[in-house]
Structures are given as structure tokens and as C-alpha cells.
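here are the coordinates; sequence isn't available:
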DNA sequence: CTAATTCCTGAATC
DNA sequence: AGATTCAGGAATT
């Protein structure tokens, strides 16, 4: 599929900060190279570059990019709904225009399974390796790259194969999760129509997917914006600025739940957006 | 319910 | 330069 170079002209009330959006760690296949963001979404190798309200697009058409970046979401309204205290307010100033992407569900699920107990760069390497080993070759502007494989392409993957992709002990979790998903033909369809709490619970039954990964998948692939993932940084930020009383508590599922319900209660329907803004401003909020 | 331990990679530090 | 330390979720006991 050939697509022409395109330029999207953003409206004044259509804020976007592409750097914050693609660089905040929500998706793992974007890299910045000489002024462009290069990434793969589905089977398309895409390049994006923003200059003010001009958004240049290569490798995909405008409607695809608009949807992926969720430009149809009224971000100004979302931001004013979460702008409830000086701390988020500072975060909003820091990464104003950050948008939550609409990621492909399967890739998002496997990516966050790879994301436990590691930093963002390590996850990027793992996801990239899985694509290189098992994904379909696709042509990009310069050379070639690989789409993230679909479920059937990973259905016969072995533990060793995934260990070669540096998943480590997560390889065994991944193969178990793959086999339970494969066992139910419409698993993805069923998941995608469940309400948040049920989708979350269903995800957590999978091997290698705990509360935090489940919340990320709900937020980044299922458009469930009330999801409030609590990673170490969000935990730190909430302890420091909102709930110092929770500081001394150790980690446990019950304590995770306290942070999560704080987020949902304090920020409301778009708590997930608040989470991303806090996370995006983490080095300013927890220096 | 809580606490402790193990799993593994990669970067930083000694 | 090679060893040690640490950051980072989930599962198991």
C-alpha cells in the first residue's frame, strides 16, 4: 500500500505534543531519527514530524494517523476535567498536548507482559526483537522493518525463542498467556466489549499480567480512560504530593488498590490521562 | 491478609 | 576489566 506524503493541519483547539506523546513510554516502537519519529503501527512503517500546528505524515493516511493519535478526542475538555490541583496543573504545563494512543490490542498486551520489572529501553528491545523474529517484513521509506506479529504468528513460539528475544523469565509467562488466548477463538472480541472492571479482571487471569499491566492495557488499547496504572513513579508522585501517609507501606496488591482508587476518585472519568500527565512530568514532580 | 523470595536484563558503579 | 549493585512487576510460598 503506497501512501502519499501528507500534512495534517491541526486546529487551534486540537492540541498535540508529538514528542511527549511518542516519547513518554506508552508505546515501544517509536524512535526519533533526524528530526522524525519513526515507528511501526499495524503493518505500516510510519514517520511523523510536528512543526507547530503542522503534522507531517509519511507511510499512512491522515485518517489512520488521526485515529491512532486520537485527535478526535476533545483533549482540552479532558485536561480541564483532570486539572483539579496544583500538582497535576504543573504536570499539565510540562507535557501539555500529550495524548494517549490507540494501540493495537495484541501488541499492547504482549508489550506490557514484557514490561514487568524493567525499564523502557529494555522493553523496546524486546518488542523490537519479537517483531524482527516473528513479524512480517514490511517496507519503509529507507530500508525495511517488521510489523509486530499477530496471534497466529506467535502461536507456535517456544520458550527458547522468546528468551532469545531477551524476555528472560517472562518467556514462560508469555507462552502460557498465548496458549490461553488461542484456546478461545474470540478472546479479543470478548475482551474488547467488557466494561473496565471486568476487562481488567480478565486480563489479570493471564500469566504475567498483574494489576499494573492490566491497567496499562485497558488504558492504551481499550480506550478505558478511567484506568489508573500505578508504577513506581506514579506511586512515588502520589506518596510525595497527595498521600504521604502511604509512604511507609510496603508493596502489595492491597496497597496497589489504595493508589488506584485514589486516582480514580480524585481525577474521575479520565484518571488515566491524569496518570499519564503525572508520569510524563515525573522528573519535575520527583526530582 | 502480609511478608519474603525468586525470576532476568541492562545500566551504573565500584 | 571484571565483579557488584540496583531498578523494575508478578508469581509463589
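It's in. Note that the structure is predicted; figures quoted are calculated from it, not measured.

residue contacts, residue A:131?
A:29, A:40, A:145, A:146, A:147, A:148, A:149 (CB atoms under 8 Å, 6 or more residues apart in numbering). Quick note: C-beta positions are derived from backbone N, CA and C, even for glycine.

check contacts around the residue of the stretch 151-287 of chain A found nearest DNA strand C.
Nearest to DNA strand C in the stretch 151-287 of chain A, going by CB to the nearest atom of the strand, is residue A:210, at a distance of 2.3 Å. Residues in contact with residue A:210 (CB under 8 Å, 6+ apart) are A:116, A:204.

again with residue A:135
By CB under 8 Å, 6+ apart, residue A:135 lies in contact with A:146, A:147, A:148, A:149, A:153.

and the residue of the stretch 151-287 of chain A closest to DNA strand C, how far is that from DNA strand B?
For residue A:210, the distance to DNA strand B equals 11 Å [CB to the nearest atom of the strand, to the nearest Å].

and for residue A:285?
21 Å.

run a quick neighbour tally on residue A:110.
25 (other CB atoms under 10 Å).

and the closest residue to DNA strand B within chain A, which of the three is it?
Closest contact between chain A and DNA strand B, by CB to the nearest atom of the strand, is at residue A:168 (2.4 Å). The local conformation at residue A:168, judged by DSSP: H, G, I helix; E, B strand; the rest coil, is coil.

tell me how many other residues crowd it.
14.

contacting residues around it?
By CB under 8 Å, 6+ apart, no residues touch residue A:168.

next, it: phi, psi?
Per-residue torsions, residue A:168: phi 60, psi -140 (degrees, to the nearest 10).

give me the contacts around stretch A:212-221.
A:26-27, A:100-105, A:108-109, A:112-113, A:115-116, A:196, A:199-200, A:203-204, A:209, A:224-225, A:227-231, A:256, A:260, A:272, A:275-276.

so which bits of chain A are right by DNA strand B?
Within reach of DNA strand B by CB under 7 Å from any atom of the strand, chain A has these residues: A:117-118, A:121-122, A:125, A:163, A:166-169, A:250, A:252-254.

about what we covered before: out of the contacts of stretch A:212-221, which are inside helices?
When DSSP state H is applied, those are split such that A:105, A:108-109, A:112-113, A:196, A:199-200, A:203-204, A:256, A:260, A:272, A:275-276 fall in helices.

off-centre distance for the helix or strand residue A:189 falls within?
Remark: residue A:189 resides in helix A:187-192, with elements defined by DSSP states H and E. Here helix A:187-192 is found 18 Å from its chain centre; the criterion is CA atoms, centre = their mean, to the nearest Å.

before we move on, the earlier item: filter the contacts of stretch A:212-221 down to the buried ones.
If you count burial by 16 or more other CB atoms under 10 Å, the buried members of these come out as A:26-27, A:100-105, A:108-109, A:112-113, A:115, A:196, A:199-200, A:203, A:209, A:224-225, A:227-231, A:256, A:260, A:272, A:275-276.
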